[in-house]
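Colleague: Got a predicted structure here, sequence first:
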Amino acid sequence: MAACLMFATEEYALPILRPLAAAARARGQQVGWIVPGAVAAQLAPDEQRITSLKAAKAMAPEAVYCAANWVSPRLPGVKVQVFHGFNAEKRDPGRGHFAIRGFFDLYVTQGPATTEPFEALAKQHRYFAVRETGWPKLDPLFVQPAPPRDAMLPAPDGRPVVMYASTFSHRLSAAPAMVEPLRRLIARGDRQWLLTLHPKCDEALFAAYRGLEAENARFFTSDKLIELERAADVLVCDTSSVIHEFAVMDKPVVTIANRVPHPFMIDVPSPDDVDAAIDRALSHPPELMAAIRAHADRIHPSHDGHASERVLDAVAAYRRGDFGTLARKPFNFVRRYKAMRDLPALLPDGA
């Protein structure tokens, strides 16, 4: 039986890789998960955790699908970079989304905005291939018929639904400054609020946001992100890839001091400006909606819900040799050492 591995270092990788795992199982592949203990606790009973390198090799996986910046070179199979988010421009290009670390054989990109830079990098480095597929995480947004509304979400009652999310990066996060403004906006009662935080945020911030829950405001962990995005009318955020996920659905986004604001965002300098910006977003100004659609076409033009199948097809093409003869990956001693150092956290039973 053909097999593959899902490689995840953080909880937020689960909704990225699960649609891909489902597509692989639908094609008759055995799927194993390489995850740390904290993420393993979130696996479903039918999601098999692989806890040793020996077990991973015994599966003889065709590919290792990675929603992380690294993967162990000791794992067998084609190393596939699936990405853990859109390019949120949190860092300079050479240090952020387009950093080349020497681990991957194949990059499966989300849309032209990522495909074009990675194709240029592939020509420069010559040891990896690139194929535009769309992003597996977004498959559930576009699947038809739409899945039933999550029972944990509040029922629609005619009020606008506003989602709040934030990055975990301290220098870019608006979450601490938004606690009291959110408390006032929630108390007003004219909107429904869906609140979430990045799983890496500290516990004190989680406690503060859970404390905002009210009749018209609920807090959700990040594993419900897709459900929240589907239910909300507008997103309030700062500098996070969630902004781009939301915009792909042709929905407006209010950002607070975004690091690199774009025309598709309503960017405001401070939390005090958020209320008026939400009203503007809900009015759907034509020039704003046109900018959102143009941005969505650049970052993720496919809306058919079949990105996962295209990722599997790209791996099959790689294994057939459709990308031609590639150079050998560089031997980067420092990165290989770090990968060997970090692997025991994901494979606790060792060899």
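Modeller: That came through, no problem.
Colleague: ok, now which ones touch Y209?
Modeller: A175, V179, L195, L197, F219 (CB atoms under 8 Å, 6 or more residues apart in numbering). Bear in mind the C-beta positions are built from the backbone N, C-alpha and C, glycine included.
Colleague: I'd like to know how far it sits from V179.
Modeller: 7 Å (CB to CB, to the nearest Å).
Colleague: re the thing from before, I'd like the contacts of Y209 laid out as a markdown table, including pLDDT and secondary structure.
Modeller: Listed next are the contacts of Y209 as a markdown table, based on pLDDT from 0 to 100; DSSP: H, G, I helix; E, B strand; the rest coil:
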| residue | pLDDT | secondary structure |
| --- | --- | --- |
| A175 | 92 | helix |
| V179 | 96 | helix |
| L195 | 97 | strand |
| L197 | 92 | coil |
| F219 | 96 | strand |
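Colleague: Filter those down to the buried ones.
Modeller: A175, L195, L197, F219 (16 or more other CB atoms under 10 Å).
Colleague: Let me know the closest of the residues you listed to V80.
Modeller: Distance to V80 across those (CB to CB) is lowest for L197, with 28.8 Å.
Colleague: quick one: buried residues of stretch 49-66?
Modeller: By 16+ other CB under 10 Å, the buried positions in stretch 49-66 come out as 49-51, 53, 55-56, 59, 61-66.
Colleague: thinking again about what came up before, need the contacts of Y209 in a markdown table with distance to G102, can you?
Modeller: Below are the contacts of Y209 laid out as a markdown table (distance: CB to CB, whole Å):
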| residue | distance to G102 |
| --- | --- |
| A175 | 34 |
| V179 | 41 |
| L195 | 39 |
| L197 | 32 |
| F219 | 40 |
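Colleague: Tell me where this structure has helices.
Modeller: Taking DSSP state H as the test, the helices found in the chain are 14-26, 37-40, 53-59, 112-125, 139-142, 175-188, 203-210, 225-231, 242-247, 274-282, 286-299, 307-320, 333-342.
Colleague: ranking these by mean pLDDT, which is last?
Modeller: Least confident of those, judged by mean pLDDT, is helix 333-342 with a mean of 78.
Colleague: what residues does that one touch?
Modeller: T9, W70, V71, S72, P73, R74, R101, G102, F103.
Colleague: That helix: how far from the chain's middle?
Modeller: 24 Å (CA atoms, centre = their mean, to the nearest Å).
Colleague: Can you mark which positions in that helix are buried?
Modeller: Those buried within helix 333-342 under the rule 16+ other CB under 10 Å are R335, R336, A339.
Colleague: same question, stretch 247-267
Modeller: For stretch 247-267, burial by neighbour count (16+ other CB under 10 Å) applies to 247-249, 251-258, 262, 264-267.
Colleague: What is the end-to-end distance of it?
Modeller: 14 Å (CA to CA, to the nearest Å).
Colleague: and what of stretch 260-276?
Modeller: End-to-end span of stretch 260-276 (CA to CA): 21 Å.
Colleague: State the distance from the closest residue to L326 other than its chain neighbours to P61.
Modeller: In this structure, L326 finds its nearest non-sequential neighbour in Y127, 5.3 Å apart by CB to CB, 6 or more residues apart in numbering. Using CB to CB, Y127 is found at 20 Å from P61.
Colleague: Look up how far A208 lies from R183.
Modeller: 9 Å.
Colleague: cool, S240 as well?
Modeller: 18 Å.
Colleague: Those two - which one has more neighbours?
Modeller: Between S240 and A208, S240 has the larger neighbour count (other CB atoms under 10 Å), namely 25 against 20.
Colleague: Does that one touch A174 like I think?
Modeller: No: using CB atoms under 8 Å, S240 is not in contact with A174; the gap is 9.9 Å.
Colleague: any shared contact partners between these two?
Modeller: S166.
Colleague: low-scoring pLDDT stretches of the stretch 51-200 of the chain, where are they?
Modeller: 88-97 (pLDDT under 70).
Colleague: so where do the strands sit in it?
Modeller: For the stretch 51-200 of the chain, applying DSSP state E, counting those that start in this stretch gives strands covering 63-66, 78-81, 106-109, 129-132, 161-164, 192-195.
Colleague: quick one, which of the helices of the chain is packed in tightest?
Modeller: helix 242-247 (a mean of 25; mean count of other CB atoms under 10 Å).
Colleague: Residues touching it, excluding its own?
Modeller: 85-88, 137-138, 141, 163, 165, 225, 229, 232, 235, 237, 253, 255, 258, 264-265, 292, 295-296, 299-300.
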